[in-house]
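Student: sequence and computational prediction follow.
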Amino acid sequence: MQRFLVFGALASLCLAAPAAAGALDGAWTQKSDSQELTLVPKLKISPSMSATGMVIGTAGYGGSSTTTTLQSEFVPMRTQRAMSLVIRADGGFTWTIDKSRPASTQKPDCKLLVREEKTGRMRIDGDKLVFDVTGGAQSSRDSCDAAKTSRGAKAPTSESYSYRVAGGALTLSGPGGVNWTFSRG
């Protein structure tokens, strides 16, 4: 008798997962204009170090007293984001993300335009929506410099977000300040 109860409970859990996924099927859209932490390259100028300590200056034909390095760091940047997420009843999805932000902190009038297209399968894992990305592409271009254009395939990956569905809205949240609210559309 206990085996039948355990089997019945497991069967009902397995049957509930597709029903929950089905409640998410359809088209979802999201738009935002906010500060996002963005990884950008920055030139760092630092004093050179010698074996005996910091080099303050040079006399005669001495070398440079500074070292210039290129480092990437996160800085807050105003970013416009528009996303379209289509989830099929079978869990397949297509997620298109368009972002626009300043191309650099030195040229705020130049825009970096990024488009991501992701395809794959969505599944529910407890209180998380997991998007197993199996294909897609990513492209970017700088509005002031045509040479800074790129396009490439999306590598397979898995993205996991806490989610909530309420009042016709789907909210995804996760690391790095992710807090996106999608509406039906």
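Tutor: Structure's in. What do you need? Residues are numbered from 1 along each chain as shown.
Student: who's the residue nearest to residue 135 when sequence neighbours are not counted bridged to?
Tutor: Closest residue to residue 135 apart from its sequence neighbours, by Cβ to Cβ, 6 or more residues apart in numbering: residue 119 at 4.6 Å. Bear in mind the C-beta positions are built from the backbone N, C-alpha and C, glycine included. Per DSSP bridges, the residues bridged to residue 119 are residue 94, residue 135.
Student: for residue 119, give me the pLDDT.
Tutor: Model confidence at residue 119, given as pLDDT, is 98.
Student: please give the number of neighbouring residues around it.
Tutor: Per other Cβ atoms under 10 Å, the neighbour tally for residue 119 reads 17.
Student: touching, it and residue 134? I think so.
Tutor: Yes: look at residue 119 against residue 134 with Cβ atoms under 8 Å: they come within range, at 6.4 Å.
Student: got phi/psi on residue 110?
Tutor: phi -80, psi 140 (degrees, to the nearest 10).
Student: the closest residue to residue 184 other than its chain neighbours and residue 29: what is the separation?
Tutor: Beyond its immediate neighbours in the sequence, the residue positioned closest to residue 184 (Cβ to Cβ, 6+ apart) is residue 168, lying 5.5 Å away. Going from residue 168 to residue 29 by Cβ to Cβ, to the nearest Å gives 12 Å.
Student: who has more neighbours, these two?
Tutor: residue 29 (14 against 9).
Student: quick one, what contacts the more buried one?
Tutor: Residues counted as contacts of residue 29 (Cβ atoms under 8 Å, 6 or more residues apart in numbering) are 82, 83, 84, 85, 182, 183, 185.
Student: among these, which ones are buried?
Tutor: For the contacts of residue 29, a burial check counting by 16 or more other Cβ atoms under 10 Å picks out 83, 84, 85, 182.
Student: okay, and the nearest residue to residue 185 once chain neighbours are set aside sits in which element?
Tutor: Counting by Cβ to Cβ, 6+ apart, residue 29 is the residue found nearest to residue 185 once chain neighbours are left out, at 4.4 Å. Secondary structure assignment for residue 29, by DSSP states H and E: strand 26-47.
Student: please identify the buried residues of that strand?
Tutor: 28, 30, 36, 38, 40.
Student: mean confidence for stretch 26-43?
Tutor: pLDDT averaged over stretch 26-43 gives 87.
Student: that'll do, ta.
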